[in-house]
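Visitor: show me how the following folds:
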Amino acid sequence: MSIVARGDLVTFAIITATALIAVSATNAANPPTVHVSLVDFTIGVSAEHADAGAVTFQVSNYTEEVVHELLVVRTDLPLRALPFNEQKNEVKENGLEVSGKIEDLYPGESSTLMLDLSPGSYILLCNKPGHFRAGMAHRFVVMKNEH
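Guide: The predicted structure is shown next:
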């Protein structure tokens, strides 16, 4: 390899490394945003998964009369296996790994929840009495970041 070719290769390597650092910094500064829609007794999401690290949940309550909340729970349990308080008609939050929560999101309101999530299986759920059993739960997967 000639000196000129070696110099070009070094220049290429420096430019490539600089670009990768810039992309990584941009991703860290702008974490992915997952839009979460609370509509009647359902939870809709704009993405089913995200890479590990910073994740922003933009949560909107599109109902006309119902107050909701959003819990982000890390668990491998099936929905039916989550600990449930029959008397209160809600999931028992004690003993669960709750990564984040937005409480009392009134009709028409929106809120943002920024979390640092590790790889694994999560459930997004509303734990207002009766809401979880009415169908307000959605699986969400956080994947190992390969970057």
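Visitor: okay, CA-based contacts and neighbour counts for the rest of this
Guide: Fine.
Visitor: ok, residue 85 - contacts?
Guide: Contacts for residue 85 (CA atoms under 8 Å, 6 or more residues apart in numbering) come out as 91-92.
Visitor: kindly report the same for residue 70.
Guide: Contact analysis of residue 70 by CA under 8 Å, 6+ apart lists 59, 101-103, 124-127.
Visitor: likewise for residue 34?
Guide: Counting by CA under 8 Å, 6+ apart, the residues that residue 34 touches are 45-47, 55-58.
Visitor: quick check: buried residues in stretch 52-70?
Guide: By 16 or more other CA atoms under 10 Å, the buried positions in stretch 52-70 come out as 52-63, 66-70.
Visitor: likewise for stretch 83-91?
Guide: Those would be 90-91, for stretch 83-91 by 16+ other CA under 10 Å.
Visitor: please save the CA atoms from it in PDB.
Guide: The C-alpha coordinates for stretch 83-91 follow below in PDB (Å, rounded to 0.1, in the frame of the first residue of the first chain):
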ATOM      1  CA  PRO A  83     -51.000  -9.600  40.900                       C
ATOM      2  CA  PHE A  84     -54.600  -8.200  41.100                       C
ATOM      3  CA  ASN A  85     -56.600  -6.800  44.000                       C
ATOM      4  CA  GLU A  86     -60.100  -7.900  43.400                       C
ATOM      5  CA  GLN A  87     -61.500  -5.600  46.100                       C
ATOM      6  CA  LYS A  88     -60.000  -2.500  44.600                       C
ATOM      7  CA  ASN A  89     -60.300  -3.800  41.000                       C
ATOM      8  CA  GLU A  90     -56.800  -2.900  40.100                       C
ATOM      9  CA  VAL A  91     -53.300  -4.400  39.600                       C
END
